[in-house]
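Engineer: below is the structure, and that's it, no one-letter string:
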C-alpha cells in the first residue's frame, strides 16, 4: 500500500458502522450511543450521545465515557484508512487530559492521525461538549498494527 493511498479513507461511514456491528457489537451493549459521523483524509469524527450510564455524580459526562470515545475514535480513524485488516490494531498507550467538565449531552470527538505506518499508528483526539466552545478533553494514543494475515496460513 502506498503512502498516498493511506491519506484517504478506504471505508465509508456506512461500511465502518456495519463492521462495528459485526466485529464489535459490545460497543452498543445497552443501546447505541456512539456513532461515526465522518471520515476524511487522516481524520475521523464520532459522537457520543451521553446516556445516564455515561454520567458521574453531579450530572457531567464521566471520564471513562470520554476515554472510551477517544480510544474508539482514533481506532476508527486507523481502520477507516487501512481497511478491515487493521481492525486488529490494539491500543498500546493512550494519555488523556480532562480539561473541563462536560455537561450532560452529546460529546463529539475529532480525531487526527499523526502517523500511520505499517506497524504503528499515532493519533490525537479532541473532545467537545456540544454546548461548550472550548475542548473538554484531549488525548494522544499509540496503536500497534499486527502484520497482515497471509492467505492459507
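Structural biologist: Received the coordinates, thanks. Just so we're clear, the structure is a prediction, and the values are computed from it rather than from any experiment.
Engineer: give me the residue at the spatial middle of this protein.
Structural biologist: Centroid-nearest residue in the chain: residue 73, 0.9 Å away (criterion: CA atoms, centre = their mean).
Engineer: quickly note the distance from that residue to residue 123.
Structural biologist: Using CB to CB, to the nearest Å, residue 73 is found at 8 Å from residue 123. Yep, even glycine has a C-beta here, placed from its N, CA and C like the rest.
Engineer: shouldn't the residue nearest to the centre of the chain be in contact with residue 128?
Structural biologist: No. Residue 73 lies out of contact with residue 128 (CB atoms under 8 Å); the separation is 11.9 Å.
Engineer: okay, and the common contacts of those two?
Structural biologist: 109-110 (CB atoms under 8 Å, 6 or more residues apart in numbering).
Engineer: which regions of the protein lie under the pLDDT threshold?
Structural biologist: 1-6, 28-31, 51, 54, 149-153 (pLDDT under 70).
Engineer: list the buried residues for the helix ranked longest in it?
Structural biologist: What stands out as the longest helix in the chain, according to DSSP state H, is helix 63-82. By 16 or more other CB atoms under 10 Å, the buried positions in helix 63-82 come out as 65-82.
Engineer: which of the helices or strands spans residue 125?
Structural biologist: strand 120-129 (DSSP states H and E).
Engineer: by contact count, what packs against that strand?
Structural biologist: Judged by 3 or more CB pairs under 8 Å, 6 or more residues apart in numbering; DSSP states H and E, strand 120-129 is in contact with helix 63-82, strand 107-116, strand 137-144.
Engineer: would you mind getting the angle between the first one and strand 107-116?
Structural biologist: Taking axes from the mean of the first three to the mean of the last three CA atoms, to 10 degrees, helix 63-82 and strand 107-116 form an angle of 50 degrees between their directions.
Engineer: and if you look at the shortest one?
Structural biologist: Orientation check (the same axes, to 10 degrees): strand 137-144 against strand 107-116 gives 40 degrees.
Engineer: who does strand 137-144 pair with, and is each partner parallel or antiparallel?
Structural biologist: strand 90-98 (antiparallel), strand 120-129 (antiparallel) (DSSP bridges).
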